[in-house]
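J.: Have a look; sequence and predicted model below, questions after that.
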Amino acid sequence: MDSIIELIGVDKIYTVGSVETQVLFDINLSFEKGSCTSIIGTSGSGKSTLMHIMGTLDTPTAGSVVIDGQKTDGLDGNALAVLRNQTIGFVFQFHYLLPEFSAMENVLIPSMIKNRKVDRQTLDRADKLFDMMGLSAVKHYLITKMSGGQQQRTAIARALINNPKILLADEPTGNLDSENSDRICSIFRNINQEFGTTFIVVTHDTRVAEHTDRVITIKDGKIESDINRI
């Protein structure tokens, strides 16, 4: 299968004043289209920095990142924004939904950014996503009227509305109880299988990693292990 993300010799160094701290060391990874991978590690291991670099939210100090065949080196802010909007969906530990809008309005925002208007096809996709998330009955609720689990599922629907090839999730179950965590993981697998979306989930929770086909362990900014489970 073709790779949809490649990291080649990636280092990351943060500089504060005269102090340099290296958090990633010579990372070489590739992710196949349609794959489902977890990246696990303790707090401070470098896993979130790695995800931000894969999502072009941060840039490596050295090395290259290739997204869907396109090298990101040298792309300006506008080009990176377009790449993210059209290719990558993000789910974070905190949902970052807009409280003054309904769940449906929040989900449609990325499509409005991409196309400036919402067509019938997009509305139908939103309805399908709400159905998959088990949220059809509350899709017109204000975010403030929804539970934490419902809000996180709404955030997943928002990440998927533009039909991205890649979904990056950073501790997506970190604020959820075990029942909601299991539900989110099941939703990820269903979407991975139905739409062929490439999933990369960054987590410290080994229970979440058990739902993925590949488990990468990062420790002190280096790849400690890379295990395919299928």
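T.: Received, thanks.

J.: how close does residue 227 sit to residue 109?
T.: 37 Å (Cβ to Cβ, to the nearest Å). For glycine as for every other residue, the C-beta is placed from the backbone atoms N, C-alpha and C.

J.: more crowded one of the two?
T.: Taking other Cβ atoms under 10 Å, residue 227 and residue 109 do not tie; residue 109 has more neighbours (15 against 10).

J.: list the contacts for that one?
T.: The contact partners of residue 109, by Cβ atoms under 8 Å, 6 or more residues apart in numbering, come to 98, 101, 158.

J.: Next, the buried residues of the helix or strand hosting it.
T.: Per DSSP states H and E: residue 109 is located in helix 103-115. By 16 or more other Cβ atoms under 10 Å, the buried positions in helix 103-115 come out as 103, 104, 105, 106, 107, 108, 110, 111.

J.: and residue 164, how many residues sit next to it?
T.: Close neighbours of residue 164, defined as other Cβ under 10 Å, add up to 20.

J.: Just give the closest residue to it, not the sequence neighbours.
T.: Residue nearest to residue 164 in three dimensions, not counting chain neighbours: residue 89, with 4.0 Å by Cβ to Cβ, 6 or more residues apart in numbering.

J.: hang on, that neighbour packs against residue 157?
T.: No. Counting by Cβ atoms under 8 Å, residue 89 stays clear of residue 157, with 9.8 Å between them.

J.: how about the strands in this structure?
T.: Taking DSSP state E, the strands of the chain run over residues 3-16, 19-32, 36-40, 62-67, 70-71, 88-92, 166-170, 198-203, 214-219, 222-228.

J.: mean pLDDT for those: which is lowest?
T.: Of all the strands of the chain, the minimum mean pLDDT falls on strand 88-92 (a mean of 88).

J.: Just want the angle from it to strand 198-203.
T.: Here strand 88-92 runs at an angle of 20 degrees relative to strand 198-203 (axes from the mean of the first three to the mean of the last three Cα atoms, to 10 degrees).

J.: Need the CA coordinates for strand 88-92. PDB is fine.
T.: Taking Å, rounded to 0.1, in the frame of the first residue of the first chain, the C-alpha atoms of strand 88-92 are listed here in PDB:
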ATOM      1  CA  ILE A  88      -6.400  16.200   7.700                       C
ATOM      2  CA  GLY A  89      -9.000  16.100  10.500                       C
ATOM      3  CA  PHE A  90      -8.000  16.800  14.100                       C
ATOM      4  CA  VAL A  91      -9.500  15.600  17.400                       C
ATOM      5  CA  PHE A  92      -8.000  16.800  20.600                       C
END
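
J.: And for it, what's in contact with it?
T.: Strand 88-92 is contacted from outside by 55-56, 67, 84, 110, 152, 155-156, 158-160, 162, 164-172, 197, using Cβ under 8 Å, 6+ apart.

J.: gap between it and the chain center?
T.: Centroid separation for strand 88-92 versus its chain: 3 Å, with Cα atoms, centre = their mean, to the nearest Å.

J.: same thing with stretch 69-77?
T.: Centroid separation for stretch 69-77 versus its chain: 19 Å, with Cα atoms, centre = their mean.

J.: Thank you, goodbye.
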